[in-house]
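>>> model the structure of this input:
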Amino acid sequence: MPISKELEPIHEQITVVLDGLNNLEQSGKFNEDDVRHWQNKLHHIDERYREGYIEPVRQHQNQNSLLKDPYEIPGEAEVTEELNRAHEIVRKMLERIA
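Prediction:
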């Protein structure tokens, strides 16, 4: 499913974080500070995603009676899956450090 233009900036930010985490993980050389850097970026994306994108877009779409599903923003499931994947990578990396 294509990602709505409203979610595209969030998708791009998540992609940057996922690329950074994957590169760090593949290097095999990382410490807690390295992982926390990406975790903080992910946290900020989470906040903006929830507060700045989803609710305003959903409210706008609910006003449009032509929508097939007023509760799903195009690409929302994909963005949520990417966020979950990034969080899981962070969790696994922190477990390896501990």
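>>> and the lengthiest helix in the chain, what other elements does it pack with?
Identified as the longest helix of the chain according to DSSP state H is helix 76-97. On a contact count with 3 or more Cβ pairs under 8 Å, 6 or more residues apart in numbering; DSSP states H and E, helix 76-97 meets helix 8-27, helix 32-47. To be clear about C-beta, it is placed using only N, CA and C from the backbone, and glycine gets the same treatment.
>>> export these to CSV and tack on distance to L83 and mean neighbour count?
Converted to CSV, these look like this (distance: least, Cβ to Cβ, whole Å; neighbours: other Cβ atoms under 10 Å):
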stretch, distance to L83, mean neighbour count
helix 8-27, 6, 16
helix 32-47, 7, 15
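>>> which stretch among the ones you listed comes nearest E72?
helix 8-27 (15.2 Å; Cβ to Cβ).
>>> CA-only coordinates of the closest one in PDB, if you can.
Output of helix 8-27 as PDB, limited to C-alpha atoms (Å, rounded to 0.1, in the frame of the first residue of the first chain):
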ATOM      1  CA  GLU A   8       6.200  10.200   4.000                       C
ATOM      2  CA  PRO A   9       8.400  12.300   6.300                       C
ATOM      3  CA  ILE A  10       8.000   9.900   9.200                       C
ATOM      4  CA  HIS A  11       8.700   6.900   6.900                       C
ATOM      5  CA  GLU A  12      11.900   8.600   5.600                       C
ATOM      6  CA  GLN A  13      13.100   9.300   9.200                       C
ATOM      7  CA  ILE A  14      12.400   5.700  10.200                       C
ATOM      8  CA  THR A  15      14.300   4.500   7.200                       C
ATOM      9  CA  VAL A  16      17.300   6.600   8.200                       C
ATOM     10  CA  VAL A  17      17.100   5.100  11.700                       C
ATOM     11  CA  LEU A  18      16.800   1.500  10.400                       C
ATOM     12  CA  ASP A  19      19.700   2.000   8.100                       C
ATOM     13  CA  GLY A  20      21.800   3.400  11.000                       C
ATOM     14  CA  LEU A  21      20.900   0.600  13.300                       C
ATOM     15  CA  ASN A  22      21.500  -2.100  10.600                       C
ATOM     16  CA  ASN A  23      24.900  -0.600   9.800                       C
ATOM     17  CA  LEU A  24      25.800  -0.400  13.500                       C
ATOM     18  CA  GLU A  25      24.700  -3.900  14.100                       C
ATOM     19  CA  GLN A  26      26.600  -5.300  11.100                       C
ATOM     20  CA  SER A  27      29.800  -3.600  12.200                       C
END
